[in-house]
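Visitor: prediction below, plus the sequence it came from.
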Amino acid sequence: MDNFVFRSGFAPTIPAARQLVCHGHFLVNGKRLDIPSYRMREGDVVSLRERSQNLTAVAAALEDVRIARPDWVEFDEGRAKRRPRSRASPKWTRSPSPSKSIWSSSTTRSACKIDVACIIPALNEQAALPLVLRAVPRPPVRRIIVADNGSTDRTAEVARQNGAEVVHEPERGYGAACLKALAHLTDDPPDIVVFLDGDFSDHPGELPSLIEPIARGDADMVIGSRARGRRERGALSPQQQVGNTI
């Protein structure tokens, strides 16, 4: 299922597609499905749930002119259908994006002119971290700094294997890890620093939208809200909801 969502153009990467499926954003033959390993069958129709049709990440993926759907995917009007494999090359019809997204092609172009560094504090994130690093858009991100906050697993190793620079901060705490990574950037400071979680709870693909107001000169700082808009049930504990409100 996750591979089908990716190959259909709903997501820029398979990890991003897997996250979308896990969060229940898709219907298969009209029924909600949240199992990434679901085996697609010929004739299955995949579509976005109505409440998911305004997702910025999906809109951006569908606007990507580089989409090259295989001949066994029939795509029309925001739906993808698995068809029998064939050597023929069908003519694809592109659907309009689900919504008018602030992450448009012009947004991406302007954002790419900015030098961006991404800081990822991490503690024992060897499983999720590679997915995060592969999903970070480059450009506009030129450097990724993973601040290892005392991990006992292979967090630092997998970070380097996936192209990140690693700094170590033994003092536990999100703030301490972020400060250590910031200090690492002082010799070659970027225009913008983005802070990203290492557990893949954020959508790295939305980074261009986040930095666009800064790139335009409309803002000095942009903060992604965890409380505004729609969120998955259980995504925030009652304590987190109160903290974000305050």
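Guide: Sure, I can see it. All values derive from a computational prediction rather than experimental measurement. Residues are numbered from 1 along each chain as shown.
Visitor: separation between residue 202 and residue 19?
Guide: From residue 202 across to residue 19, the span is 10 Å (CB to CB, to the nearest Å). Just so you know, the C-beta spots here come from the backbone N, C-alpha and C atoms, and that holds for glycine as well.
Visitor: go on, residue 224?
Guide: When residue 224 is compared with residue 19 (using CB to CB), they lie 16 Å apart.
Visitor: and these two? Which one has more around it.
Guide: The neighbour comparison of residue 224 against residue 19 (other CB atoms under 10 Å) goes to residue 19, with 22 against 14.
Visitor: what's around residue 216, how many residues?
Guide: Neighbours around residue 216, by other CB under 10 Å: 11.
Visitor: do the same with the one 5 residues further on
Guide: Using other CB under 10 Å as the criterion, residue 221 is surrounded by 7 other residues.
Visitor: for it, helix, strand, or coil?
Guide: coil (DSSP: H, G, I helix; E, B strand; the rest coil).
Visitor: nearest spatial neighbour of it, skipping sequence neighbours?
Guide: Here the nearest residue to residue 221 in space, its sequence neighbours aside, is residue 214; by CB to CB, 6 or more residues apart in numbering that works out to 7.6 Å.
Visitor: any idea which helix or strand carries the one you found?
Guide: helix 207-215 (DSSP states H and E).
Visitor: and that helix, what's its mean pLDDT?
Guide: For helix 207-215, mean pLDDT is 87.
Visitor: packing partners of that helix?
Guide: helix 56-63, helix 105-111, strand 116-122, strand 192-195 (3 or more CB pairs under 8 Å, 6 or more residues apart in numbering; DSSP states H and E).
Visitor: what are the contacting residues of the third one?
Guide: Translated: strand 116-122. Strand 116-122 is contacted from outside by 129, 132-133, 136, 139-149, 151, 155, 159, 164, 174, 177-178, 181-182, 185, 190-198, 207, 211, using CB atoms under 8 Å, 6 or more residues apart in numbering.
Visitor: so of those, which ones are in strands?
Guide: Within the contacts of strand 116-122, residues falling in strands by DSSP state E are 141, 142, 143, 144, 145, 146, 147, 148, 192, 193, 194, 195.
Visitor: just the buried members of the residues you listed?
Guide: For the ones in strands among the contacts of strand 116-122, a neighbour count by 16 or more other CB atoms under 10 Å gives the buried set as 141, 143, 144, 145, 146, 147, 148, 192, 193, 194, 195.
Visitor: about what we covered before: using PDB, list the CA coordinates for whatever helix or strand comes next after the helix holding residue 214.
Guide: With elements assigned by DSSP H and E, the helix or strand that comes after helix 207-215 is helix 238-245. The C-alpha coordinates for helix 238-245 follow below in PDB (Å, rounded to 0.1, in the frame of the first residue of the first chain):
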ATOM      1  CA  PRO A 238      -4.100  16.400  27.800                       C
ATOM      2  CA  GLN A 239      -0.900  17.900  29.400                       C
ATOM      3  CA  GLN A 240       0.500  18.700  26.000                       C
ATOM      4  CA  GLN A 241      -2.700  20.300  24.900                       C
ATOM      5  CA  VAL A 242      -2.700  22.600  28.000                       C
ATOM      6  CA  GLY A 243       1.000  23.400  27.500                       C
ATOM      7  CA  ASN A 244       0.500  24.400  23.800                       C
ATOM      8  CA  THR A 245      -2.500  26.500  24.700                       C
END
